[in-house]
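Novice: what follows is a predicted protein model with its sequence.
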Amino acid sequence: MVGAQLSLPAWAFWGALVAMVIALFGVFVPIIPDIALIWLVILVYAIAERFSTIHPLSFVALTFLAALGITAEFWMSQAGAKISGASIWSILAGIALSIVGAIFGLVLLGIGAVPGALLGALLGLVLAEWYQRRQWRETIKVVGGWLAGYLLSVGVQLYIGILMIIIFVWQAIRG
């Protein structure tokens, strides 16, 4: 380690831990930031204590986990749609309307980017599948695959969030 070890007051650790646990609820409630907020709290804590307890290599691992968790919702729901038979055009429509929904949800509706993106992706997928197939049964099958992928991503995000918190606590306590 370079330089003297900086010890933060106990309330800083407990405050960071409480913030991360609250952020963990964001996995279930899309309005609350989740994995990104956990990562941000760890970053602020690590900078405040000059990386004297949160080792830089551990922070790199935490950053990798955060990137995986933040993107899981996107790629797992799209993979679920593809596995259940969605065409590439339907997936692209879902992605495009997801972006529109994120902007619309954040700027105009005030519901937030994540709920807007989820609704946009779902709407894009439904519209594109219906337009191509004109069969509700196939459209619902694809939407079910998308939903299964999304729900699986919630479990992955929860696991990653808990793992990040455990690594933070281990690093902070071992000091």
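Specialist: Great, that's in hand.
Novice: what residues of the helix ranked longest in the chain count as buried?
Specialist: Counting residues, the longest helix found in the chain (DSSP state H) is helix 136-174. Buried residues in helix 136-174, counted by 16 or more other C-beta atoms under 10 Å: 138-139, 141-143, 145-150, 152-154, 156-158, 160-161, 164-165, 167-168, 171-172. The C-beta positions use only the backbone N, C-alpha and C, and glycine is treated the same way.
Novice: what about that helix, distance to the chain center?
Specialist: 8 Å (C-alpha atoms, centre = their mean, to the nearest Å).
Novice: do the same with stretch 36-51
Specialist: 17 Å.
Novice: before we move on, what about stretch 32-41?
Specialist: 8 Å.
Novice: just the residues contacting that stretch, thanks.
Specialist: 16, 19-20, 22-27, 62-63, 66, 69-70, 157, 160-161, 164-165 (C-beta atoms under 8 Å, 6 or more residues apart in numbering).
Novice: just stretch 87-102 next, same as before
Specialist: So stretch 87-102 is contacted by 74, 78, 81-82, 86, 113-114, 116-125, 127-129, 132, 142, 146 (C-beta under 8 Å, 6+ apart).
Novice: could you find the closest non-adjacent residue to the most centrally placed residue in the chain?
Specialist: In the chain, the residue lying closest to the centroid (C-alpha atoms, centre = their mean) is residue 70, at 3.0 Å. Nearest non-adjacent residue to residue 70, counting by C-beta to C-beta, 6 or more residues apart in numbering: residue 35, 5.1 Å away.
Novice: with residue 165 instead?
Specialist: residue 20 (5.1 Å).
Novice: all helices of the protein, in order?
Specialist: Using DSSP H, the helices found in the chain span residues 10-24, 35-48, 56-83, 88-104, 113-133, 136-174.
Novice: show me what the fifth one is packed against.
Specialist: Think helix 113-133. When contacts are defined as 3 or more C-beta pairs under 8 Å, 6 or more residues apart in numbering; DSSP states H and E, helix 113-133 sits against helix 56-83, helix 88-104, helix 136-174.
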